[in-house]
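K.L.:
sequence-free structure coming up:
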Ligand code: GDP
Ligand code: IMO
Ligand code: MG
């Protein structure tokens, strides 16, 4: 003990990277448990800005061991280019551990992701095109390739054959694409084996032993609660479980080990890709949130859809994750609005609904019911304690806390490590 989970409470991009990096200096291990390089986490340390995709944000803290758990999908070419980029900037990445059970994103998984999206046309999910969904599909279909398979050429070849058997039929006959050659894929994958080898470990054993020895382990979620394959806005979701339970299956750690679950919550809402978003703004306020908040995707460079804070979603995140705390981010972005609307409930077919509707059709029709809170105009980026915030900003935070169902234990007032107000310590 203790093990903490840190995850996105909305649709991703809440500032998980910054929050993880902030805690990274005080924890022994930071573990990614799901997702892959669909994630884009920006971390600002002093005047240096880092964009991480696959690597846990703890990689920037020298004392911390970064771990890629069994639940993650790994694109080796992306992994190496990320490692190279960090090494060139003087970051030591030698402590990294990668589960031998993690699945590999193969080149054909990336191809299938792209052609499937094209085929869906206006019904597309708006994926990041990184092969995430098809790789998890192969895993569930039991035709996936795992990191450990790179060390047995004969098994690897048989597995790639099995995976391509059906896919090549689909690619050639349905999508009018060329078939993918087994040999080429095997050769490419084998080419990664030697460089990966020093990192490959039985991460489940390592993490459980660490917890037995009272080390502090932080599980860092990618994406967010509403992008969860089970609890999100299906089918407009990612193909893994960013919610708290995913940390147990994706890292091989029992739920009894987890003492704290921290939801990262943006002071307004954003979403990338398709799918319902009740508080989305299509006016000058939405444009201003995008501009001031720098809401552009780290992975795909797409503009993020922006809207007001949605307390229904925050309550839902508290429930499905068993959140013990919130880390409220980007409060500084709201500085300058005279009035700030906050969605407290939805109107669905003329009725007021307080909780996230269970039915997808209802959620698509949900209209936000707003309460308007008074804004502030003072610069808050230098605030170090809650009492440094102007009264209206304090009241905004208190109102969000009351509506969202868990204490707000930290507040982000800027992208930098120290632009944070700590209210309750996480450790
Ligand atoms: P993640 O995917 O959850 O790690 O979030 P992203 O990195 O994709 O997006 C969050 C963005 O907000 C990044 O550019 C961060 O540097 C930035 N950020 C994080 N916290 C704050 C904050 O409190 N204030 C401001 N202004 N920016 C923040
Ligand atoms: P971080 O970790 C925001 C979205 C995509 C798409 C859907 C499915 O930075 O918060 P996928 O490629 O995963 O199959 O795409 O999920 N998505 C994200 N949106 N932040 C992310 O990660 C995301 N990762 C995936 O835009 O709508
Ligand atoms: Mg992101």
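P.N.:
Cool, the structure landed. Quick caveat, the model's predicted, so the values are computed rather than measured. Ligands and ions are numbered 1, 2, ... in the order given.
K.L.:
backbone phi and psi for residue 261, please?
P.N.:
phi -130, psi 110 (degrees, to the nearest 10).
K.L.:
I figured it hits residue 244, correct?
P.N.:
Yes: with contact defined as Cβ atoms under 8 Å, residue 261 counts as touching residue 244 (4.8 Å). No exception for glycine: its C-beta is placed from N, CA and C like everyone else's.
K.L.:
show me what contacts residue 82?
P.N.:
Residues in contact with residue 82 (Cβ atoms under 8 Å, 6 or more residues apart in numbering) are 37, 52, 53, 54, 55.
K.L.:
could you dump the residues you listed to a markdown table with neighbour count and distance to residue 413?
P.N.:
Putting the contacts of residue 82 into a markdown table (neighbours: other Cβ atoms under 10 Å; distance: Cβ to Cβ, whole Å) gives the following:
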| residue | neighbour count | distance to residue 413 |
| --- | --- | --- |
| 37 | 25 | 29 |
| 52 | 26 | 22 |
| 53 | 21 | 26 |
| 54 | 26 | 29 |
| 55 | 25 | 26 |
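K.L.:
Pick the one among those closest to ligand 1.
P.N.:
Of all the contacts of residue 82, residue 52 has the smallest distance to ligand 1: 8.0 Å, by Cβ to the nearest ligand atom.
K.L.:
which residues of the stretch 101-250 of the chain fall in strands?
P.N.:
In the stretch 101-250 of the chain, the strands defined using DSSP state E, counting those that start in this stretch lie at 103-104, 200-201, 217-220.
K.L.:
Can you check which of these gets nearest to ligand 3?
P.N.:
Of all the strands of the stretch 101-250 of the chain, it is strand 217-220 that lies closest to ligand 3, at 11.8 Å by Cβ to the ion.
K.L.:
related to what we said a few turns ago, overlap in contacts, residue 261 and residue 244.
P.N.:
With Cβ under 8 Å, 6+ apart as the test, residue 261 and residue 244 both reach 5, 7, 321, 322, 323.
K.L.:
hey, what's the first one bridged with?
P.N.:
This points to residue 5. Residue 5 has these beta-bridge partners by DSSP bridges: residue 219, residue 261.
K.L.:
my read: it touches residue 248, true?
P.N.:
No: look at residue 5 against residue 248 with Cβ under 8 Å: they stay out of range, at 9.1 Å.
K.L.:
Tell me which of the two has more neighbours.
P.N.:
A side-by-side neighbour count of residue 5 and residue 248, using other Cβ atoms under 10 Å, places residue 5 first with 29 against 20.
K.L.:
how far away is that one from ligand 1?
P.N.:
If you measure residue 5 against ligand 1 using Cβ to the nearest ligand atom, to the nearest Å, the figure is 14 Å.
K.L.:
For that residue, which residues are in contact?
P.N.:
For residue 5, the contact set (Cβ under 8 Å, 6+ apart) comprises 218, 219, 221, 244, 247, 258, 260, 261, 262, 321.
K.L.:
separation between the nearest residue in space to residue 243 that is not next to it in sequence and ligand 2?
P.N.:
Spatial nearest neighbour of residue 243, chain neighbours left out: residue 228 (4.7 Å); criterion: Cβ to Cβ, 6 or more residues apart in numbering. Per Cβ to the nearest ligand atom, residue 228 is found 10 Å from ligand 2.
K.L.:
ok, residue 228 - contacts?
P.N.:
For residue 228, the contact set (Cβ under 8 Å, 6+ apart) comprises 237, 238, 240, 241, 242, 243, 246, 320.
K.L.:
10 Å instead?
P.N.:
Residues in contact with residue 228 (Cβ atoms under 10 Å, 6 or more residues apart in numbering) are 7-8, 34, 221, 234, 237-246, 317, 320-321.
K.L.:
Over to residue 251?
P.N.:
For residue 251, the contacting residues are 3, 5, 29, 31-34, 67-72, 99, 203-204, 207-208, 217, 219, 257, by Cβ under 10 Å, 6+ apart.
K.L.:
What of residue 20?
P.N.:
Contacts for residue 20 (Cβ under 10 Å, 6+ apart) come out as 6, 27, 30, 32, 41, 43, 52, 56-61, 64, 218-221, 262, 264, 327.
K.L.:
any idea how far residue 252 is from the residue nearest to residue 148 when sequence neighbours are not counted?
P.N.:
Nearest residue to residue 148 in three dimensions, chain neighbours excluded: residue 100, at 3.9 Å (Cβ to Cβ, 6+ apart). According to Cβ to Cβ, to the nearest Å, residue 100 and residue 252 sit 12 Å apart.
K.L.:
list residues touching both of the two?
P.N.:
Shared contacts of residue 100 and residue 252, defined by Cβ under 10 Å, 6+ apart, are found at 70, 202, 203, 204.
K.L.:
wait, isn't the last one in contact with residue 211?
P.N.:
To tie it back to what came earlier, the one meant is residue 204. No: applying Cβ atoms under 10 Å as the test, residue 204 and residue 211 come out as separate, 11.1 Å apart.
K.L.:
before we move on, the earlier item: let's see which of the contacts of residue 251 end up in helices.
P.N.:
Using DSSP state H, the members of the contacts of residue 251 that fall in helices are 203, 204, 207, 208.
K.L.:
I'd like to know how many residues surround the second one.
P.N.:
Residue 204 has 16 neighbouring residues, counting by other Cβ under 10 Å.
K.L.:
and what of residue 279?
P.N.:
Applying other Cβ under 10 Å, we find 25 residues neighbouring residue 279.
K.L.:
Distance check, it against residue 367.
P.N.:
According to Cβ to Cβ, residue 279 stands 10 Å off from residue 367.
K.L.:
and if you look at residue 22?
P.N.:
Applying Cβ to Cβ, the value for residue 22 to residue 367 is 36 Å.
K.L.:
which of these two has more neighbours?
P.N.:
residue 22 (24 against 15).
K.L.:
Count the neighbours of the closest residue to the more buried one other than its chain neighbours for me.
P.N.:
Excluding the flanking residues, the one nearest residue 22 by Cβ to Cβ, 6+ apart is residue 417, at 5.6 Å. Other residues near residue 417 come to 16 when the count uses other Cβ under 10 Å.
K.L.:
residues touching residue 417, list them.
P.N.:
Contacts here follow Cβ under 10 Å, 6+ apart; on that basis residue 417 touches 18, 21, 22, 24, 25, 43, 44, 45, 46, 60.
K.L.:
Out of the contacts of residue 5, who's the most crowded?
P.N.:
Ranking the contacts of residue 5 using other Cβ under 10 Å puts residue 221 first, with 35 neighbours.
K.L.:
Hmm, that one is touching residue 321, no?
P.N.:
Yes: contact criterion Cβ under 10 Å: residue 221 and residue 321 qualify, at 9.2 Å.
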